[in-house]
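Chemist: show me how the following folds:
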Amino acid sequence: MQKKNTFTKILAAAGCVLIWLPLAAPVMFTAIRLAQGGPFRFDFLMPGELFPAALAGALLLLWAALRVRSQVRIIAWGLGCMVALLVGSQGLAVVSGLASGRIEASGPWFVLVLTLFVGFILAMVVIAVSGVRLARGLFARPAADGGL
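Modeler: Have a look, this model is predicted:
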């Protein structure tokens with residue numbers, strides 16, 4: 001890994017925090033609500049609502065990956081897929097009438113919009129896992145014994 005300096009480590013760490021935030025937030029809020037004795041409510045749309053944080057995190061991870069020339073392809077592909085799938089699901093929801101409530105939230109249009117949205121979340125997970133792998137490589141200590 002090249003350019004394994006403090007700035008690159010900060011980019012990777014901040015990118016990991018920002019990309020994991022939209023994935024962890026719905027789980028944390030659900031756990032807090034259940035711990036308070038409330039009913040089970042899981043907001044599966046929250047990663048889409050927190051997309052600006054995920055985009056910023058993915059861009060920071062891509063920048064760090066480019067600096068060290070590691071995990072670049074998977075983060076870049078994940079970022080492209082993440083953006084395309086979110087735009088596709090939202091665009092399809094608007095065009096089909098699901099977003100305005102003109103048609104009922106069921107049937108093939110609803111399934112297709114949700115499928116694209118699940119793909120968006122999976123692309124975000126791929127970037128997040130790749131970011132953790134990148135950060136682990138950056139923060140790993142070199143073996144002092146020569147690998148023995």
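Chemist: what's the closest non-adjacent residue to Pro22?
Modeler: Distances taken as CB to CB, 6 or more residues apart in numbering put Leu50 closest to Pro22, at 3.7 Å, once the chain neighbours are dropped. For every residue, glycine as well, the C-beta is placed using N, CA and C.
Chemist: so who does the one you found touch?
Modeler: Leu50 is in contact with Leu21, Pro22, Ala25, counting by CB atoms under 8 Å, 6 or more residues apart in numbering.
Chemist: show the pLDDT at it.
Modeler: Here the pLDDT value assigned to Leu50 is 96.
Chemist: for Arg67, see how far away it is.
Modeler: Distance, Leu50 to Arg67, by CB to CB, to the nearest Å: 26 Å.
Chemist: which helices and strands does the strand or helix carrying Ala56 pack with?
Modeler: Taking DSSP states H and E as the definition, Ala56 sits inside helix 51-68. On a contact count with 3 or more CB pairs under 8 Å, 6 or more residues apart in numbering; DSSP states H and E, helix 51-68 meets helix 6-35, helix 72-96, helix 108-139.
Chemist: please produce TSV containing those helices, extended by mean pLDDT and distance to Asp43.
Modeler: As requested, these are exported to TSV (pLDDT from 0 to 100; distance: least, CB to CB, whole Å):
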stretch	mean pLDDT	distance to Asp43
helix 6-35	95	5
helix 72-96	96	16
helix 108-139	96	12
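Chemist: and these: which comes nearest Ala56?
Modeler: Distance to Ala56, taken as CB to CB, is lowest for helix 6-35 among the helices and strands packed on helix 51-68, at 5.1 Å.
Chemist: mind listing what's buried in that closest one?
Modeler: 8, 11-13, 15-16, 18-23, 25-26, 30 (16 or more other CB atoms under 10 Å).
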